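A.B. asks: need a structure here:
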Amino acid sequence: MSEDDETEFLPIIEETLSLTTRKVVTGRVRVATRTETVDQVLPAHLSSQEVEVVRVPVGRKVETAPQITTEGDLTIIPVVEERLVVTRELYLREEVHVRRVERTQTVEIPATTRRQTVQIDRLPPPGEAADPAPSQSKDDQDDL
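C.D. replies: Residues are numbered from 1 along each chain as shown. Presented below is the predicted three-dimensional model:
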């Protein structure tokens, strides 16, 4: 025998690992929403403008028709007429005074709004006894 014949061999052992997953139901959750209506009174500021018209008799002779003038909230609109006299003359018969008056008032307008609340119940997996743990609403969870 030669030296090569006497060589010893060691077997190589290799371990392999395989990983698998499976789904297991550990519990269930029931989520329910409820819509409520809330009646509210909303304040609103309303403004309006009214026009007061006053006719002011003048009866004065003028050479030309006066222009419309505005003094603050008052607008004066001249009204003229021609009168036949031996000659034609222009008379300011009247003025119409138009004043803008602004009034503001606060009114309350009823309105209905909607709000949803959520109730969450934790349920055991199928086949297990129910846990007497109380359910929590969204409002209770805010305290946690």
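A.B. asks: every contact and neighbour count from this point should use C-alpha atoms.
C.D. replies: Noted.
A.B. asks: mind giving me the packing neighbours of the helix or strand hosting residue 29?
C.D. replies: Using DSSP states H and E, the element containing residue 29 is strand 28-62. Judged by 3 or more CA pairs under 8 Å, 6 or more residues apart in numbering; DSSP states H and E, strand 28-62 is in contact with strand 88-123.
A.B. asks: relative to strand 28-62, how tilted is the strand it packs on?
C.D. replies: The directions of strand 88-123 and strand 28-62 differ by 170 degrees, with axes from the mean of the first three to the mean of the last three CA atoms, to 10 degrees as the criterion.
A.B. asks: who does strand 88-123 pair up with?
C.D. replies: Strand 88-123 has these partner strands in its sheet, going by DSSP bridges: strand 28-62 (antiparallel), strand 74-84 (antiparallel), strand 136-137 (antiparallel).
A.B. asks: measure residue 110 to residue 38 for me?
C.D. replies: Applying CA to CA, to the nearest Å, one obtains 11 Å for the distance of residue 110 from residue 38.
A.B. asks: same deal with residue 53?
C.D. replies: 46 Å.
A.B. asks: of the two, who's got more company?
C.D. replies: Neighbour count, other CA atoms under 10 Å: between residue 53 and residue 38, residue 53 has more, with 13 against 10.
A.B. asks: beta-bridge partners for the closest residue to the more buried one other than its chain neighbours, please?
C.D. replies: Using CA to CA, 6 or more residues apart in numbering and skipping the chain neighbours, the partner closest in space to residue 53 is residue 98 (4.8 Å). Beta-bridge partners recorded for residue 98 (DSSP bridges): residue 53, residue 75.
A.B. asks: let me see the contact set for residue 98.
C.D. replies: Under the criterion of CA atoms under 8 Å, 6 or more residues apart in numbering, the neighbours of residue 98 are 51, 52, 53, 54, 74, 75, 76, 77.
A.B. asks: again, only using 6 Å
C.D. replies: If you count contacts by CA atoms under 6 Å, 6 or more residues apart in numbering, residue 98 has them with 52, 53, 74, 75.
A.B. asks: ok, residue 100 next?
C.D. replies: With contacts defined as CA under 6 Å, 6+ apart, residue 100 is in contact with 51, 73.
A.B. asks: how about residue 112?
C.D. replies: Taking CA under 6 Å, 6+ apart, we find residue 112 in contact with 38, 39.
A.B. asks: many thanks, have a good one.
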